[in-house]
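Participant: structure for this input, please:
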Amino acid sequence: MAFWLVLLSSALLSAYWVARDPEAQHPEAQHPETQGGHPDLVSNGQRQTSASLASVASYLMGSVHVIERVDTDGKLQKGDPIFLAMPKEAGSREMLFRQVGHVSAVAPQAGGDVQLTWYESWSLGKANADSAVDPEQCQMFRYRSTGRLSEVVQTLLPPEKQALIRDRITKAMKQHGEELSRALTPLVEESFRRSLPIIENGFRDAVANHRGEIERLGRRWNQEMVQDRLIPLAKKEILPIVQKHGRPPAEKIGREIWDRASIFRFGWRAIYDKSPLPQKDLLRQEWQRFVDEDAVPILESHMDEIVVAIQRTVTDVTKNDAVRREAVRAAGELASDPETRKLVQVILKEAFVDNEELRQLWREVWTSEEANAALDLASERLEPVIRSIGDDLFGNEEQGINPDFARVLRSQILRKDRQWIVAWHTGANNGVIELAKDHLPYPVVYMAETDLGSAMADE
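Facilitator: Okay, here's the model as predicted:
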């Protein structure tokens with residue numbers, strides 16, 4: 001069946017081109033003497049057949065004409081489709097798309113002219129050429145599929161589908177959340193409680209295994225960053241801020257402590273300790289008494305001022321542009337340094353991923369009878385909503401494959417639909433096909449409306 005469909009399509013297309021330019025296709029009809037033939041040799045039956053096929057092809061494809069636009073990037077390829085965006089209803093922001101043409105000749109270079117074939121009678125519906133849109137009244141943009149994961153997620157989960165899935169999950173958790181929490185929370189708590197000592201030991205062992213590399217990196221960063229950049233920055237930018245906010249309370253506290261200190265008490269005890277008398281450590285005892293009874297109470301009485309000074313110091317330091325720039329620069333250098341990043345990855349891998357004791361613990365916890373019972377309960381409660389979400393994302397037997405999922409399959413697996421043009425009916429154009437800045441999934445054009453349920457029932 002597919003073979004005959006392809007054969008019929010080829011015949012119709014050939015007849016269409018014959019109908020457009022019969023002289024180019026059959027030069028012998030114009031100059032029969034050069035071919036040794038005569039026009040009368042062409043039978044009436046052949047002419048009638050060609051005319052009939054051309055008529056059918058013209059009906060299917062509609063009349064066409066070629067327009068030119070500037071391809072700013074020079075990225076368009078021959079055969080890239082052109083879609084016309086039309087509002088679903090008057091005043092509606094929801095758009096419908098219909099293919100109205102394709103790229104027939106590419107630009108020789110970026111900024112060159114590209115030729116577009118435009119199907120006039122398909123602009124607003126077949127056999128509706130009276131209301132066809134003039135391409136000269138359309139602004140055109142080139143859209144493309146980059147293949148990035150973010151684009152796949154954006155295609156599979158448009159805002160309305162995200163809202164639908166959130167609503168399904170919210171309803172399911174309201175209905176079963178408390179029951180599932182009671183079943184799963186003890187398992188999670190046990191896993192973390194028993195994992196922490198193992199992770200700590202694994203991390204300690206991993207650090208010890210790479211002590212030499214860490215010390216070498218530490219010496220390098222100490223010289224390159226701490227000594228050469230951070231200490232000079234602290235002296236220039238941070239120390240003045242500390243002095244500004246810390247000096248007033250420090251001087252005030254210092255004066256009060258000095259006023260309470262007794263030079264006489266300290267002096268004679270120091271002399272006594274140097275003497276041959278039996279009792280010693282009188283100076284140390286006096287210092288301890290002074291700290292406990294005089295200095296500490298004074299500090300406590302000014303604790304609010306100390307806290308305010310610290311807060312103001314931290315605030316000014318974080319607002320300082322030079323400090324912020326250097327902090328961002330230092331963090332970026334640490335994160336991007338290949339040697340540092342590789343060492344961190346190795347340590348984390350040894351502490352977590354390759355930690356056989358940790359894996360054994362999690363297997364023990366999550367294969368226990370309690371875990372199996374909890375997972376069976378979760379499966380029973382959540383299976384209906386998971387199936388519904390799967391239908392939302394991928395489709396079902398009644399409605400077929402979801403169009404968004406079909407887009408992803410064609411783009412990511414079949415490498416189809418990577419680039420297309422959308423014509424927006426704005427009433428004017430600037431003669432240029434620009435790269436669109438917004439995301440638009442590849443338009444799905446339905447060639448026929450079919451009630452699948454009725455069709456299946458009829459069978």
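Participant: residue 199 - that's part of a helix, no?
Facilitator: Yes. Assessed with DSSP: H, G, I helix; E, B strand; the rest coil, residue 199 lies in a helix.
Participant: got a list of what it touches?
Facilitator: 351-352, 355, 358 (Cβ atoms under 8 Å, 6 or more residues apart in numbering). Any C-beta I mention is one placed from the backbone N, CA and C, and that applies to glycine too.
Participant: from the residues you listed, list just the buried residues.
Facilitator: 351-352, 355, 358 (16 or more other Cβ atoms under 10 Å).
Participant: nearest to residue 399 among those?
Facilitator: Residue 399 lies nearest to residue 352 out of the buried ones among the contacts of residue 199, by Cβ to Cβ, at 43.2 Å.
Participant: per-residue confidence for that closest one?
Facilitator: Here, the pLDDT recorded for residue 352 equals 86.
Participant: what about residue 434, neighbour count?
Facilitator: By other Cβ atoms under 10 Å, 15 other residues sit near residue 434.
Participant: just the element for it, please.
Facilitator: Secondary structure from DSSP states H and E places residue 434 in strand 432-435.
Participant: quick one: buried residues of that strand?
Facilitator: Under 16+ other Cβ under 10 Å, the buried positions of strand 432-435 are residue 433.
Participant: distance from the chain centre to it, please.
Facilitator: Distance, stretch centre to chain centre, for strand 432-435: 25 Å (Cα atoms, centre = their mean, to the nearest Å).
Participant: now do stretch 299-308
Facilitator: Centre to centre, stretch against its chain (Cα atoms, centre = their mean), the figure for stretch 299-308 is 48 Å.
Participant: of all the residues in that stretch, which ones are buried?
Facilitator: Buried residues in stretch 299-308 (16+ other Cβ under 10 Å): residue 302.
Participant: render the CA-only coordinates of it in PDB, please.
Facilitator: Presented in PDB, the C-alpha positions along stretch 299-308 are these (Å, rounded to 0.1, in the frame of the first residue of the first chain):
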ATOM      1  CA  LEU A 299      32.700  43.000  78.800                       C
ATOM      2  CA  GLU A 300      29.200  41.600  79.500                       C
ATOM      3  CA  SER A 301      27.900  45.100  80.300                       C
ATOM      4  CA  HIS A 302      29.000  46.200  76.800                       C
ATOM      5  CA  MET A 303      28.000  43.100  74.900                       C
ATOM      6  CA  ASP A 304      25.200  44.900  73.000                       C
ATOM      7  CA  GLU A 305      27.700  47.500  71.700                       C
ATOM      8  CA  ILE A 306      30.100  44.700  70.700                       C
ATOM      9  CA  VAL A 307      27.400  42.900  68.700                       C
ATOM     10  CA  VAL A 308      26.300  46.100  67.000                       C
END
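Participant: residues making contact with stretch 400-418?
Facilitator: Against stretch 400-418 from outside (Cβ under 8 Å, 6+ apart): 144-145, 147, 152, 155-156, 158, 161, 392-395, 441-442, 444, 452.
Participant: my error: substitute stretch 108-120 in the last question.
Facilitator: 61-76, 82, 99-107, 129, 132, 135, 421, 433.
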